[in-house]
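Participant: sequence? don't have it. structure:
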């Protein structure tokens, strides 16, 4: 069976960026900036992205392109005889599956809020009414299942059409639309009366706010966000490396993806912070910012229903871009493991994901009595913890060690693959960063992710 290929370099960049660009950019990034001191957090985040994110992404691309296989079997192609690196291939498949078990639900939330906003269901509601609307939505298992099922159906049908005709074509259209929507929304927010204070908070460093939060906490939070925004560690990027030709060096491609990912995160702040300051909303409101705070902003904004509808279209596209990319990863893994054709695999994966995503749906209603970490936690919190706090950092550490140590693929093999083609190259002096600095940072992220995790969060 011949290996699928992407039709263009632009397709590769947009697909990889689409996988990285998700709710972590447009939802988590703005409220983390709000909680961790504004502009200084942004600067530290950018530094961490360069030191940590780009090199690890380059490694994932290199392993995928060299093996020409999906994450489930790529390590077996490259590992020394008798070693056990290939076990992580199965972990990658498990990680992508667990990620989709809750991400399909969150994508469904975005689509529901698009429908609610477009049909005026938030019109006239006060703050309490908007807050109640989110709880009511989660408490309806039928509605939740319908929108989760719609997300699964979209992922299945697009991937069924193949890499070029389905995934690449749809992602190109969706990403261009997403970027255009962001530009329109950002221009509207920047020119709101009172929005200048939001821009100042976002773009002008404030040492006093960092002192209040603690510089160590700001650094760890920025490091954490830079790492997780790119979905590194479970093969999400490696699969697109396996569809890539040899004409471009991989570090340059990783930089392009990181720049596009950062542009979306940064522009999200331009959309959200001026609106928050214009309407007296706390920019550090946390995860509730999107679902319980911004609908109130749109209610009070001229042409609020229009802007709110466009915002949740944009959020839906951001979520779906990740869903499509990770669905392709799961499908490619199972095709390589079983030898099945794409059509059969897509049907099996679609039905399987529909069933596996139900516990997350039921965690807010039928099974709401089950609190994995106590307090107000739900099944989504458990699934998110497994992926974000365990599999992503440990997986990234494995990818890194596999590429830089003689017990794995090795530095020379990695460097030769990464530097094949035109563009930005991995340099010899980077070896100590990738061999020592990056593993230490990943270990710090992993330990801090466990130590600081709030096991009773809702």
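Facilitator: Yep, that arrived. None of the values given here were measured: they were computed from a predicted structure.
Participant: in the stretch of helix or strand residue 209 belongs to, what counts as buried?
Facilitator: Assessed by DSSP states H and E, residue 209 sits inside helix 207-213. Using 16 or more other Cβ atoms under 10 Å as the test for burial, helix 207-213 gives 209-210, 213. All C-beta spots, glycine's among them, are computed from the backbone N, C-alpha and C.
Participant: hmm, who's touching the helix or strand following that helix?
Facilitator: Next in sequence after helix 207-213, counting helices and strands by DSSP H and E, comes helix 215-228. Residues outside helix 215-228 that contact it (Cβ atoms under 8 Å, 6 or more residues apart in numbering): 24, 28-29, 32, 35-37, 40-41, 44-49, 52-53, 56, 210, 388, 392-393, 396, 441-442, 444-445, 448-449, 452.
Participant: Show me which of those residues are buried.
Facilitator: Applying 16+ other Cβ under 10 Å to the contacts of helix 215-228 flags 24, 28-29, 32, 35-37, 40-41, 44-46, 48-49, 52-53, 56, 210, 388, 392-393, 396, 441-442, 445, 448-449 as buried.
Participant: Take the contacts of helix 215-228 and keep only those in helices.
Facilitator: 29, 32, 35, 40-41, 44-48, 56, 210, 392-393, 396, 441-442, 444-445, 448-449 (DSSP state H).
Participant: Show residues contacting stretch 365-374.
Facilitator: Residues from elsewhere that reach stretch 365-374 (Cβ under 8 Å, 6+ apart): 138-141, 144, 359, 363, 377-379, 381-382, 385, 455-457.
Participant: State the pair within those residues that is farthest apart.
Facilitator: Largest separation among the contacts of stretch 365-374 by Cβ to Cβ: 140 and 455, giving 27.4 Å.
Participant: buried sites along stretch 137-145?
Facilitator: Residues of stretch 137-145 classed as buried: 137-138, 141, 143-145 (neighbour count, 16+ other Cβ under 10 Å).
Participant: er, stretch 414-428 actually
Facilitator: Within stretch 414-428, the residues scored as buried using 16+ other Cβ under 10 Å are 414-415, 417-421, 424-426.
Participant: I'd like these as JSON lines, with secondary structure appended.
Facilitator: Supplementary listing: these in JSON lines, determined by DSSP: H, G, I helix; E, B strand; the rest coil:
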{"residue": "414", "secondary structure": "helix"}
{"residue": "415", "secondary structure": "helix"}
{"residue": "417", "secondary structure": "helix"}
{"residue": "418", "secondary structure": "helix"}
{"residue": "419", "secondary structure": "coil"}
{"residue": "420", "secondary structure": "coil"}
{"residue": "421", "secondary structure": "coil"}
{"residue": "424", "secondary structure": "coil"}
{"residue": "425", "secondary structure": "coil"}
{"residue": "426", "secondary structure": "coil"}
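Participant: Tabulate those (TSV), appending pLDDT.
Facilitator: Output for the buried residues of stretch 414-428, formatted as TSV (pLDDT from 0 to 100):
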residue	pLDDT
414	97
415	96
417	97
418	96
419	97
420	96
421	94
424	94
425	95
426	95
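Participant: And the strands in the chain?
Facilitator: Shown for the chain, no strands are assigned by DSSP state E.
Participant: Tell me the one among the contacts of stretch 365-374 nearest to residue 259.
Facilitator: The closest of the contacts of stretch 365-374 to residue 259 turns out to be residue 385 (Cβ to Cβ; 29.9 Å).
Participant: dump the residue contacts of that closest one.
Facilitator: Listed by Cβ under 8 Å, 6+ apart, the contact set of residue 385 reads 372-373, 453.
Participant: thought residue 17 was touching residue 176?
Facilitator: No. Residue 17 lies out of contact with residue 176 (Cβ atoms under 8 Å); the separation is 11.6 Å.
Participant: Compare these two and say which is more crowded by neighbours.
Facilitator: A count of neighbours by other Cβ atoms under 10 Å puts residue 17 above the other of residue 17 and residue 176, at 27 against 13.
Participant: residues touching the more buried one, list them.
Facilitator: Each residue near residue 17 by Cβ under 8 Å, 6+ apart is listed here: 175, 256-257, 260-261, 264.
Participant: Which of those fall in helices?
Facilitator: Per DSSP H, the contacts of residue 17 map to helices at 175, 256-257, 260-261, 264.
Participant: of the residues you listed, closest to residue 90?
Facilitator: Looking across these and measuring by Cβ to Cβ, the closest to residue 90 is residue 257, at 25.6 Å.
Participant: Can you give me the neighbour number for the closest residue to residue 399 other than its chain neighbours?
Facilitator: Using Cβ to Cβ, 6 or more residues apart in numbering and skipping residues adjacent in sequence, the residue nearest residue 399 is residue 59, 5.1 Å away. Residue 59 has 31 neighbours, counted by other Cβ under 10 Å.
Participant: check contacts around residue 59.
Facilitator: 399-400, 402-403, 414, 418, 434.
Participant: can I get the residues you listed in CSV with distance to residue 76?
Facilitator: Formatted as CSV, the contacts of residue 59 follow (distance: Cβ to Cβ, whole Å):
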residue, distance to residue 76
399, 15
400, 19
402, 12
403, 16
414, 17
418, 20
434, 23
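Participant: Sounds good, over and out.
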